[in-house]
Structure formats: structure tokens, C-alpha cells
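Asks: sharing a model prediction with you, sequence too.
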Amino acid sequence: MKGYSFVLSFLSLASGALALNLNAKRSAKGSSAGHRIFGSNESLAADDDDGTSAVGNVNDVRYTTNITINGVEVHVALDTGSTDLWQVNSTKLLVSPPNGVGTYNNTGVPLKLLYGDGTYGVSGSIGVAEFQFGDYRIQRQAFLNVEEISVKGLLEHGIYGLLGLSFHVASASPINSAIQSRYGADATWGHSVLQNIFDQHPTEPNFIALDLARTDDLEETDGGSFGIGEYEDEYAAIVNAPKLPQFPRGGDRWTTLLEGVSVNGDPITLQPTISGVPAGHSLALLDTGDPTAIVPVYLLDAIYSRVPGSAPYIARNNRKVWIVPCNATTSVSFRFGGQEFPIHPLDLTRVVEAIPKVHSACVSAFVGADGWGRNEYEISLGDSFLRNVYSLYDFGDPQAGGTIGEPYMQLLSQIEPEKAAAQVGVVRSKTMKAYSPEADPLALVKLLEETDAKAAGAAGTKSGTATGSPQAGIGGPSSPSSLDALGPAILALLAVNTVVGIILVTFAVLHWLRRGRAPTVARSQPSQSWQGRYMQLDSRDQDRKYHHNQGFGS
């Protein structure tokens, strides 16, 4: 197999393979883009449809690349959680990519694409144009020309569209469904970009492979690689990784069965809520559009309550986070296909300024949300999980007789638990130099609850310092989501003194939104006409998860 490096571009050029190399980019720390300081009566909250992240430089990451529509380059996000392609070109909003848009054929077919909980999305009309992605060219490709957009955290970061990497079945691709309804089944230009690429190479493997690289300080994700029909030499062992079949069969998402979760080797009993999911399992979605991990509240509690010195905090809006010692080295692993996939301890928490210039803290990076995926999945494993593995998504390769094989996923662990634990102290001590002194979790929670009570009393409202379990649906589909992700956060505490001696202080809460058949010889030795492509991913800080809602409207 030909090897391709996404870090050193000359290596991929020397290999003779076709490749697209992009520079990794990140919004500047402290940038106000995508952030909001809430009113002084808020302690841990965010508007359910706001799409904002928290104050305190806790940045979400989106993976982006450049595509070309009829000769004009557009910067778009990549998302394994949805299928369709769209670009923003709104005469109504007076918004379009910096270079404008290329000439295209407007079919006049109206369409709305909804994401997450269905309260935000994009709408416009379907266009058709020549499309280019790296070295791939498609003569006629359908896309949505967006006139209205309610998805947050894109335009302000220079991202003017989305390229979906999921299945092209009708239930997952409203564009394909609309085109075939209008023009008939032969209108293949309504297929997804990936499907059209695969159709150009009918005898070659139909899979993509992703590596989400880390920043030098290991705390964030920074770029990575995206391969079509090719995996990297460094991760050739993925050939022997267990094939994780799509569940349920015939679905339209990259969902599979999670067999277990353990903390320091202690197993947690999984509690499935979706019909057909076996006892002791959960239905998990693997999604690059989610910058964190969204789990049921019981699982959030089961994981973080096992971290020594941790303390739960429930805001007056019933949203919950765990405050954890920043140097915690607790070992958490997820089991798929009989194999354990450990999570780097640094991926379990985020450093935040709890009280600006007074105290910092580390809060749970995983998000607790009951019913987030409704009946389609129970757990969304995004960046917090996926940057610990090399992942391969196989759409099903051509079989004898013209049929297509079943889709599946493969994962290869990139984490050595002992090495990862040893890195925590070194990395966190360096990271914490940029923050105020760390507060003790229990003491901080007590202060937060006291402040909430005073704030509620001053506002003439009932205190919301609940100590029990959050209500069902906390942080669920109606909660903030990110393009796809919901994320916990702590609001910065603002002090207000009155003459009568009452000090009203509010905390800014860091709040995140949003929320296989083993590779064959053809993969390690692709034909000369195919030669899988590798593209370097560009990472950008974002705020909203693009989880495609099946109940789309037009």
C-alpha cells in the first residue's frame, strides 16, 4: 500500500498518490466568536437554541476542507452524521462565500434540512453544478443552495457549507429523495458526493478512514487525515480490527452496538432504552460532527462519580456537570467488538475559568442528555472518543452478482493507558499556568449552590439548587446542540454589590452545544486507476452539531 502523510506534504507527493493537503486552522483563543456571556441571573445555563459555547476558552472543533463548485472554492465542514451537500449563498441575508459562487443550474426544487433536535437547519433550493473535492471530479452534483440558515457557529468562522459523509439512502438524503421524486430514479446526480465518487470506481472498496490529530499539548484536536478508499501505513493493523456491523441493519447512520463501559476496570451496566438493543448494550453513533461525547445522564454519573474528588453540580435549569480534579488520571474505556478502547484522561475534562481571575476548575467533557438521539441512537461518540482511535467506515463493497456488502465500522486504538496517565500531570500543569488557581471541586460546588440560592432569592424566584437526579430529558434534544454537539460549561461569576450589603455573583457556565468487512487486499494494494486519496483535515472551533433530523421538511 502506498503511504500518505498528512503532516508532511512532501511525503504524500513523493508517493505518487493523489492527495489534498490543507493547513490546520484554529480560531484564536479568547475570540468572542461563538461565545456569549449570559445575564447575571444565570448560574449554569445556555439558551436551548443559542448554539453558543462557554466563556473560558473551551473550544469545540470542527473538521473542514475546501470543495469547488463550478470552479469556485468554498470552505465547508465535514460530517459523518449527515449525508447532503450545501453551501450558503443568500441574497436575502446578503451572505455568500468570500469568492462568491460558481454558475450553477437552479432546479427550483425547494428543500429544508433540519439538524439536531429539528429546531435549526438550512433551507433553499436545489442546484446542480460541476463539483471537485481534492482530485475527485463529478460532472453533475446536486447540492442545496442555502438562502436561510439557523445553524450557529459556521459563518462567523468562515465556513460556508457542509459536506455530509453518511449514507445516501432516501431517509438520510433529502436531496436525493427530492431529486428522484421530481426527475426519476435515473437522476443519479442527486446522490451524495461520496456515492457519486464510489460510482466512478465500481470495482473498488467503498470506505473512508479518519484520523483526528491532537495539538502539541494533547488538550485539543488539531487537523487530521481523511482517506477515501485508502488507510495509512501507520494504522495498517486496522485490517485485523473487529468488524462492527451497522445496527440496526439497513439504517442510515454510522451506529453500532456498544458492549460496555468501564472505569478503572470496574464495569458499568449499560441500560438500553431503544427497542431491539440487547440487554447490557447501548446503541452508539460515531460522529465527527460532535466535538464531545453525549451520553445518558445515568452513564455520565456512573463515569464521573468514580473519579476521586469529583463533585456534581446541578444548575437551576436542571443541567448537570461534574467538577473534577484537573490532574485526575482515571481510566475510562469503551468496548466494541470484544475490544477495549481507552480514553485519554485529558479527554474526560475541560479546563475553565470558574471565577474569572480567582478560581479555575476542570469540568466533565462528556455531556449528559437523556433521549438526545430519540429512537435512533442512545450515545453520540464524537471528538472526545474518536481522537483516541483510527476509524474506518465501510459502506459495503461490490460483491459477486452485483450486490453490495453490508456496511460496517472498524476501530484501532491509539492510546497506551499507562503512557497517557503519565502525560496528565505534565500537560495539565503547563495548561493551568494560563488559568487562575484551581478550586477544590466540593468547595466550588458549595459556593456555586450558595450563589444560585442568593441569585434566585434576589430575583424573587425559587432556588434551583436541586440535589437529586436531573429531570428526564435534561440536556436532551431541546438543549443546546453543536453542528452538530452539546457540551457542559460553567458561566463566569460576575459580582454585583448593593448598598445593603448583598453581593450578587453569577458564574458563567461553560456550555457545549450538541450537542466492517475487513479491508481486502484491494485496500492495501489499490489498483492504479483508483489509488485511494488522503486529505488533511482543517480543524476549526465551532459550536453546533449537525446531527441530521430525519423529519425534514420542504
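Replies: Structure's in. What do you need? Nothing here was measured: the structure is a model prediction, and the numbers come from that model. Numbers count the residues shown, from 1 in each chain.

Asks: let me know whether G190 touches P174 as I believe.
Replies: No: counting by CB atoms under 8 Å, G190 sits too far from P174 to count as a contact (10.0 Å). C-beta here means a position set from N, CA and C on the backbone, and glycine is covered the same way.

Asks: looking at those two, which has the bigger crowd around it?
Replies: G190 (30 against 25; other CB atoms under 10 Å).

Asks: any idea how the protein splits into domains?
Replies: 64-201, 237-453 (the TED database).

Asks: in TSV: those domains, plus distance to E230 and mean pLDDT.
Replies: Shown next, in TSV, are the domains of the chain (distance: least, CB to CB, whole Å; pLDDT from 0 to 100):
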stretch	distance to E230	mean pLDDT
domain 64-201	12	90
domain 237-453	10	93
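
Asks: can I get the ones you listed in CSV with distance to R214?
Replies: Shown next, in CSV, are the domains of the chain (distance: least, CB to CB, whole Å):
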stretch, distance to R214
domain 64-201, 17
domain 237-453, 6
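
Asks: quick check: closest non-adjacent residue to S413.
Replies: F341 (5.1 Å; CB to CB, 6 or more residues apart in numbering).

Asks: let me fix that, I meant to ask about V169.
Replies: D252 (5.0 Å).

Asks: residues contacting the one you found?
Replies: T83, S166, F167, V169, S171, A172, Q550 (CB atoms under 8 Å, 6 or more residues apart in numbering).

Asks: now do N375
Replies: Counted by CB under 8 Å, 6+ apart, N375 has contacts I274, S275.

Asks: element containing the closest residue to G158 other than its chain neighbours?
Replies: Spatially, and ignoring its direct neighbours in sequence, G158 is nearest to H75 (5.9 Å; CB to CB, 6+ apart). According to DSSP states H and E, H75 maps onto strand 72-79.

Asks: quick one on the thing from earlier: which residues do G190 and P174 both contact?
Replies: Counting by CB under 8 Å, 6+ apart, nothing touches both G190 and P174.

Asks: helices or strands up against the helix or strand hosting A455?
Replies: Per DSSP H and E: A455 is located in helix 441-458. Other elements packing on helix 441-458 under the criterion 3 or more CB pairs under 8 Å, 6 or more residues apart in numbering; DSSP states H and E are strand 311-314, strand 320-324, strand 359-364, strand 503-509.

Asks: could you export the shortest one as CSV, CA atoms only?
Replies: This file holds the C-alpha atoms of strand 311-314, laid out as CSV (Å, rounded to 0.1, in the frame of the first residue of the first chain):
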residue,chain,number,x,y,z
ALA,A,311,-18.4,16.6,42.7
PRO,A,312,-21.7,17.0,40.7
TYR,A,313,-23.3,20.4,40.1
ILE,A,314,-26.9,20.9,39.1
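
Asks: number the chain from 43, please
Replies: Okay, using 43 as the starting number, the last item reads as strand 353-356.

Asks: who does that strand pair up with?
Replies: Sheet pairing of strand 353-356 (DSSP bridges) gives strand 362-366 (antiparallel).

Asks: next SSE after the helix or strand hosting Y432?
Replies: Assigned by DSSP H and E, Y432 belongs to strand 431-436. Moving toward the C-terminus from strand 431-436, the next helix or strand (DSSP H and E) is strand 450-455.

Asks: so which bits of the very next helix or strand once past that following strand are buried?
Replies: Tracing the chain past strand 450-455, the next element assigned as helix or strand by DSSP H and E is helix 459-474. Residues of helix 459-474 classed as buried: P459, A462, A463, Q465, V466, V469, R470, T473, M474 (neighbour count, 16 or more other CB atoms under 10 Å).

Asks: so which elements touch helix 459-474?
Replies: The contact analysis (3+ CB pairs under 8 Å, 6+ apart) places helix 459-474 against strand 391-397.

Asks: is it correct that S433 is in contact with M451?
Replies: Yes: counting by CB under 8 Å, S433 does reach M451; the two are 6.7 Å apart.

Asks: pull up the overlap in contacts between those two.
Replies: L328.

Asks: go through the buried residues of helix 459-474 and name the one nearest S267.
Replies: A462 (21.2 Å; CB to CB).

Asks: now that closest one, nearest residue through space, not along the chain?
Replies: Leaving aside its chain neighbours, A462 sits nearest to H386 (4.6 Å; criterion: CB to CB, 6+ apart).

Asks: ok, now N218?
Replies: Of all residues not flanking N218 in the chain, G232 sits nearest, at 4.4 Å (CB to CB, 6+ apart).

Asks: next up, the contacts around that neighbour.
Replies: The contact partners of G232, by CB under 8 Å, 6+ apart, come to I168, A184, S215, I217, N218, A220, I221, Q222, Y225.

Asks: can you say which of those residues are buried?
Replies: Members of the contacts of G232 classed as buried by 16+ other CB under 10 Å are I168, A184, S215, I217, N218, A220, I221, Q222.

Asks: I180: which element?
Replies: strand 178-191.

Asks: next structured bit after that strand?
Replies: strand 203-206.

Asks: do a quick rundown of the helices in the protein.
Replies: 51-57, 216-225, 235-242, 339-346, 425-428, 459-474, 483-500, 563-566 (DSSP state H).

Asks: one step back: against L196, how distant is the residue nearest to N218?
Replies: As judged by CB to CB, to the nearest Å, G232 and L196 stand 24 Å apart.

Asks: do L434 as well
Replies: 27 Å.

Asks: from what I can see the residue nearest to A462 touches N430, true?
Replies: Yes: using CB under 8 Å, H386 makes contact with N430 at a distance of 5.8 Å.

Asks: now do the shared contacts for those two.
Replies: By CB under 8 Å, 6+ apart, H386 and N430 have these common neighbours: I457.

Asks: I'd say L490 and Y355 touch.
Replies: Yes: using CB under 8 Å, L490 is in contact with Y355, at 5.7 Å.

Asks: what is the neighbour count of E448?
Replies: For E448, the count of nearby residues is 16 (other CB under 10 Å).

Asks: ok, and the closest non-adjacent residue to it?
Replies: E448 sits nearest to G438 (CB to CB, 6+ apart), 5.7 Å away.

Asks: let me see the contact set for the one you found.
Replies: Counting by CB under 8 Å, 6+ apart, G438 has contacts N248, I446, G447, E448, P449, R559.

Asks: can you do 10 Å?
Replies: 209, 240, 247-249, 288, 445-450, 558-559 (CB atoms under 10 Å, 6 or more residues apart in numbering).

Asks: D412 against R361, yeah?
Replies: No: between D412 and R361 there is no contact under CB atoms under 10 Å: 11.8 Å.

Asks: who has more neighbours, the two?
Replies: R361 (26 against 21).

Asks: pretty sure the more buried one contacts L342?
Replies: No: using CB under 10 Å, R361 is not in contact with L342; the gap is 11.3 Å.

Asks: so S167 touches L186, yeah?
Replies: Yes: in this structure, S167 is within contact of L186 by CB under 10 Å, at 7.5 Å.

Asks: nice, that's everything, thank you.
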